[in-house]
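Visitor: structure, please.
(one chain, ligands or ions: 1)
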Amino acid sequence: MKVLICGYGRMGQEIESALLKRGHEVTARVDPDPSRGDAPSLSAELLESSEGVIEFSLPGGVLTNAALYYAAGIPAVLGTTGWEADRDAVRQIYQDEKAGAALLYGSNFSIGANLFRVLSEFAAQIIGPIQDYDVMMLEKHHSGKQDSPSGTAITVAESLLKVHPRKNRIVTNRLDRRIEPDELHVASLRGGSVPGTHSVEFDSPADTISITHTARSRGGFALGAVLGLEWLSGRTGFFSVENFIEDVVAQARRNQA
Ligand SMILES: NC(=O)c1ccc[n+]([C@@H]2O[C@H](COP(=O)([O-])OP(=O)(O)OC[C@H]3O[C@@H](n4cnc5c(N)ncnc54)[C@H](O)[C@@H]3O)[C@@H](O)[C@H]2O)c1
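Guide: This next block holds a predicted model:
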């Protein structure tokens, strides 16, 4: 595919390598920073010469950019985070089906991290009903990370709550009391250069079952975004990365049957 990259920072550059590795072509690298990219802003002409877009930029431009992708009728993968306030407005744009116009968004495009979420949820379904096992989470990130817990930890914790029969609430703060049986503790550790480690632990008096995802580089996010664009091509509408992964898992199950 001929793909336009919007936002040519750390992730945009990773996206370029992942696109080239999978045999795609890059039409333009849009970035307002003149030291990066080769076009300062999006235009109808640039989009016309592209068959898809991958955007990892900053949240301020998401709504305007999404409207341009829709108007161009090309699939767009949006990895930018922090635009929750505009989510409904972007969804609204894609409400009217238009040939070729499709948007796939997510705060974590790593295939591994998404499979970790699916596995953790499945584990909670089968281990949760066994009274002996409690569940808790730990996430570790580098010293530069500005928020805690990570968005991924919250997403996984919310998936666990949906299926766990005894957990109803997430607690993320330091506890100066015993944890309540219906609380799921999500603890964060910050330091060093850790790109991101998430663990879910099911603990009983006799043993511990741990599921851990350890990110090694940003390459995993970039590959997931490129695979997401390939999946999106030919569809119309507004999709989350969870929709994409569910489809991948369902396909793997069908292939096994
Ligand atoms: N979804 C995921 O899997 C995932 C993974 C990593 C990072 N992210 C998110 O991706 C985004 C980018 O991360 P990064 O590490 O590459 O940041 P970065 O700061 O290295 O790069 C962002 C780039 O976007 C450019 N930019 C700003 N406004 C723009 C606009 N309107 N149009 C085009 N480009 C614009 C900036 O000049 C900069 O070069 C962040 O929101 C980050 O949280 C998402």
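Visitor: quick check, pLDDT for the spatially most central residue of the chain.
Guide: The structure's the chain has its C-alpha centroid closest to Asn108; by Cα atoms, centre = their mean the separation is 2.0 Å. pLDDT, the model's per-residue confidence, is 91 for Asn108.
Visitor: contact partners for the closest residue to it other than its chain neighbours?
Guide: Taking Cβ to Cβ, 6 or more residues apart in numbering as the measure, Asn108 lies nearest to Thr152, with 4.8 Å between them; neighbours along the chain are not counted. For every residue, glycine as well, the C-beta is placed using N, CA and C. When contacts are counted by Cβ atoms under 8 Å, 6 or more residues apart in numbering, Thr152 touches 107-108, 113, 117, 139, 196, 198.
Visitor: which among those are in contact with the ligand?
Guide: Intersecting the contacts of Thr152 with the contacts of the ligand gives 107-108 (criterion: Cβ under 6 Å from any ligand atom).
Visitor: show me which residues of the stretch 151-257 of the chain are close to the ligand?
Guide: So far as Cβ under 6 Å from any ligand atom goes, the stretch 151-257 of the chain lies against the ligand at Phe221.
Visitor: got it, and the stretch 1-150 of the chain?
Guide: On the criterion Cβ under 6 Å from any ligand atom, the ligand has as its neighbours in the stretch 1-150 of the chain the residues 6-12, 30-33, 36, 56-58, 61, 79-82, 106-109.
Visitor: would you list the buried entries among these?
Guide: For these, burial is judged from neighbour counts taken by 16 or more other Cβ atoms under 10 Å, and it is met by 6-8, 11-12, 30-31, 56-57, 61, 79-81, 106-109.
Visitor: what about the residue nearest to Asn108, distance to Leu4?
Guide: Thr152 sits 27 Å away from Leu4, going by Cβ to Cβ, to the nearest Å.
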